[in-house]
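K.L.:
I would like the atomic coordinates for the input below:
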Amino acid sequence: QVQLVESGGGVVQPGGSLRLSCTASELILTFNTMAWFRQNSGQAPGQHLEMVASFKSGGPIDYADSVKGRFTVTADIAKKTMNLQMNDLNPGDTAVYYCNTLSRRFPWGPGTQVTVSS
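P.N.:
Next up is the predicted model:
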């Protein structure tokens with residue numbers, strides 16, 4: 001069974017940074033357009049997800065307008081991880097962050113909570 005596992009969340013002050021990681025198989029990371037999504041607290045799993053960044057190995061990278069210039073998505077296929085470097089965080093970035101293929105092909109992982117608060 002495919003497992004996607006997110007980590008790296010936490011509590012940070014406005015203007016701070018966090019680096020999220022998504023663990024997935026090499027095949028998944030290599031042959032799919034991957035994406036980071038976020039979901040506001042209180043939403044049912046898999047509902048009302050906002051695509052934050054998408055990444056295709058050797059292909060295009062795309063970001064939501066709300067995070068352009070602040071977030072950077074990368075992948076280390078050998079380490080089986082996709083990362084999301086988040087800088088200059090603001091309270092609007094508070095959410096549970098998930099990774100999946102852009103088409104949301106696989107079961108959702110546990111997500112990782114990011115809270116931006118002073």
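
K.L.:
export the least confident helix or strand in the chain by mean pLDDT to CSV, keeping only CA atoms.
P.N.:
Using mean pLDDT, DSSP states H and E, the weakest-scoring helix or strand in the chain turns out to be helix 26-31, at a mean of 87. Presented in CSV, the C-alpha positions along helix 26-31 are these (Å, rounded to 0.1, in the frame of the first residue of the first chain):
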residue,chain,number,x,y,z
GLU,A,26,11.3,6.7,-5.7
LEU,A,27,8.9,5.5,-8.3
ILE,A,28,6.2,7.8,-7.1
LEU,A,29,8.5,10.8,-6.9
THR,A,30,10.0,10.1,-10.3
PHE,A,31,7.0,9.4,-12.4
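
K.L.:
for that helix, which residues meet the burial criterion?
P.N.:
28-29 (16 or more other Cβ atoms under 10 Å). Every residue, glycine included, has its C-beta placed from N, CA and C.

K.L.:
what helices and strands are in contact with it?
P.N.:
Of the remaining helices and strands, none touches helix 26-31 by 3 or more Cβ pairs under 8 Å, 6 or more residues apart in numbering; DSSP states H and E.
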